[in-house]
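with the sequence up front, the predicted model follows.
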Amino acid sequence: TAEKNKLSKENGKLFGQKKGAERKGEDTSAIDAQIAANSAESVRLDEAIAIYEELGTYSQSVKKLRTARYTRAGQLMESGEYEAAAALYKELGAYSDSATRYKKAVLAHAGQLFDAGEYEAARAQYVSLGKYQGSDTRVMACDYQLALQLKEDGELLAAAELFASASGYQDAETQSQMIY
């Protein structure tokens, strides 16, 4: 949009000023901070985050870095990139509601893994969540699917053990008893 174009042009001018300041050996932190702010406003958050990280403790960089990471994590959630979103939320720790959003991102990522048939990886994610939003039941669903695969592959003893561990989920107990 017009606002984004304006910010991009402004950043172009700022990059020119930065090069001039660097040639003179001058501090460019204020210029970098403005470039980062413009990038964040124009939703180029990855660029803004990188600049804020470089700025370290300069001015409001730490606060703005957290805000940019939080916003970027939300974008990643919306686009279905749950694993990347979880990593950012985890990095943010206690910032805002990042801890809750972290769990939601891990849960969503585990669901993606489950739907892709990656039951062991999904199981590990669900286990890490404990009982959060029924994750313990989803662990049993993973065990059940893994047991079905083992049964199909002729590994009956291992399948029976997994079915037994998923007792209470669908017909897992019956499946286990049929094998034993």
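Arrived safely, thanks for sending.

now do the buried residues in stretch 131-145.
For stretch 131-145, burial by neighbour count (16 or more other C-beta atoms under 10 Å) applies to 135, 138, 139, 140, 141, 142, 143, 144, 145. In this view, the C-beta of every residue, glycine as well, is placed from N, C-alpha and C.

please report phi then psi for the fourth one.
Going back to what we said before, that points to residue 140. Dihedral pair for residue 140: phi -60, psi -40, per degrees, to the nearest 10.

was I right about it contacting residue 163?
No: with contacts counted by C-beta atoms under 8 Å, residue 140 stays clear of residue 163, the gap being 10.1 Å.

need the residues touching each of these two.
Listed as contacting both residue 140 and residue 163 by C-beta atoms under 8 Å, 6 or more residues apart in numbering are residue 172.

correct me if wrong: residue 123 contacts residue 139.
Yes: with contacts counted by C-beta under 8 Å, residue 123 reaches residue 139, the gap being 5.7 Å.

shaky segments in the chain?
Within the chain, the ranges that satisfy pLDDT under 70 run 1-9, 11-12, 14-15, 18, 37-43.

and the helices in it?
Taking DSSP state H, the helices of the chain run over residues 2-23, 29-41, 45-55, 61-78, 82-92, 98-115, 119-128, 135-152, 156-165, 172-179.

mind putting the buried residues of stretch 131-145 in a markdown table, distance to residue 21 included?
Formatted as a markdown table, these follow (distance: C-beta to C-beta, whole Å):
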| residue | distance to residue 21 |
| --- | --- |
| 135 | 52 |
| 138 | 55 |
| 139 | 56 |
| 140 | 61 |
| 141 | 58 |
| 142 | 56 |
| 143 | 61 |
| 144 | 63 |
| 145 | 59 |
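
what is the nearest of those to residue 57?
residue 135 (37.9 Å; C-beta to C-beta).

so what's that closest one up against?
107, 110, 126, 127, 129.

quick check: closest non-adjacent residue to residue 17.
Among residues not flanking residue 17 along the chain, residue 31 sits closest, at 5.6 Å (C-beta to C-beta, 6 or more residues apart in numbering).

from the contacts of residue 135, which two are the most distant?
The largest separation in the contacts of residue 135, counting by C-beta to C-beta, is between 107 and 127 at 12.0 Å.

ok, the two, which is more surrounded?
residue 107 (20 against 14; other C-beta atoms under 10 Å).
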